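K.L.:
next input, structure requested:
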Amino acid sequence: KAMLLLKKKRYQEQLLDRTDNQISNLERMVQDIEFTQIEMKVIEGLKIGNECLNKMHQVMSIEEVERIIGETQDAVEYQRQIDELLAGSLTEEDEDAILEELNAITQEQLELPEVPSEPLPEEIPEATPIKNRPKPELVAAS
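P.N.:
Numbering: from 1, shown residues only. Purely as a prediction, here's the structure:
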């Protein structure tokens, strides 16, 4: 009877070992599946990002970007010139020319419209909203 109980015990221990191994294998498989799911999400995100980049490339060509950069540089240069003028970096000749132009403008007889003599209305009418021109649609990455 003791021998039979020892055999049963041995069989139960082997069964427990096999069950532990199977559980370990299942846990490893679950981790592998979860990791694969994360990899799939990353790949899907890269795919969506690539599609968005392609759509942006269709909307904006290199020529258009270069044109915008050129316009920006021109505007910066123009602003720099205005800043220099406002900073008082005018030469004596420039100031004389400006004063002559101002005198010419003030000497002219300007015909101004007549001011209405009627009183202003008490209520201010509501301003109508200005409709904005639709901008090109950009696709958001998700």
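
K.L.:
against residue 20, how distant is residue 14?
P.N.:
Distance from residue 14 to residue 20, counting by CB to CB, to the nearest Å: 11 Å. To be clear about C-beta, it is placed using only N, CA and C from the backbone, and glycine gets the same treatment.

K.L.:
for stretch 13-29, output the C-alpha coordinates as CSV.
P.N.:
Only the C-alpha atoms of stretch 13-29 are listed here, as CSV (Å, rounded to 0.1, in the frame of the first residue of the first chain):
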residue,chain,number,x,y,z
GLU,A,13,4.4,15.6,-8.8
GLN,A,14,5.1,14.9,-12.5
LEU,A,15,1.7,16.1,-13.3
LEU,A,16,2.3,19.3,-11.4
ASP,A,17,5.6,19.8,-13.1
ARG,A,18,4.0,19.3,-16.5
THR,A,19,1.2,21.7,-15.6
ASP,A,20,3.8,24.3,-14.4
ASN,A,21,5.6,24.0,-17.7
GLN,A,22,2.4,24.4,-19.6
ILE,A,23,1.5,27.5,-17.6
SER,A,24,4.9,29.0,-18.2
ASN,A,25,4.5,28.3,-21.9
LEU,A,26,1.1,29.9,-21.9
GLU,A,27,2.4,33.0,-20.1
ARG,A,28,5.3,33.3,-22.6
MET,A,29,2.8,33.0,-25.4
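
K.L.:
so for that stretch, mean pLDDT?
P.N.:
For stretch 13-29, the mean per-residue pLDDT is 96.

K.L.:
buried residues, that stretch. List them.
P.N.:
Buried residues in stretch 13-29, counted by 16 or more other CB atoms under 10 Å: none are found.

K.L.:
centre of the chain to that stretch, how far?
P.N.:
Mean-position distance between stretch 13-29 and its chain equals 51 Å (CA atoms, centre = their mean, to the nearest Å).

K.L.:
can you pull out the strands in the protein?
P.N.:
Applying DSSP state E to the chain gives no strands.

K.L.:
walk me through the domains of it.
P.N.:
In terms of domains, the chain is parsed into 1-60, 61-102 (source: the TED database).
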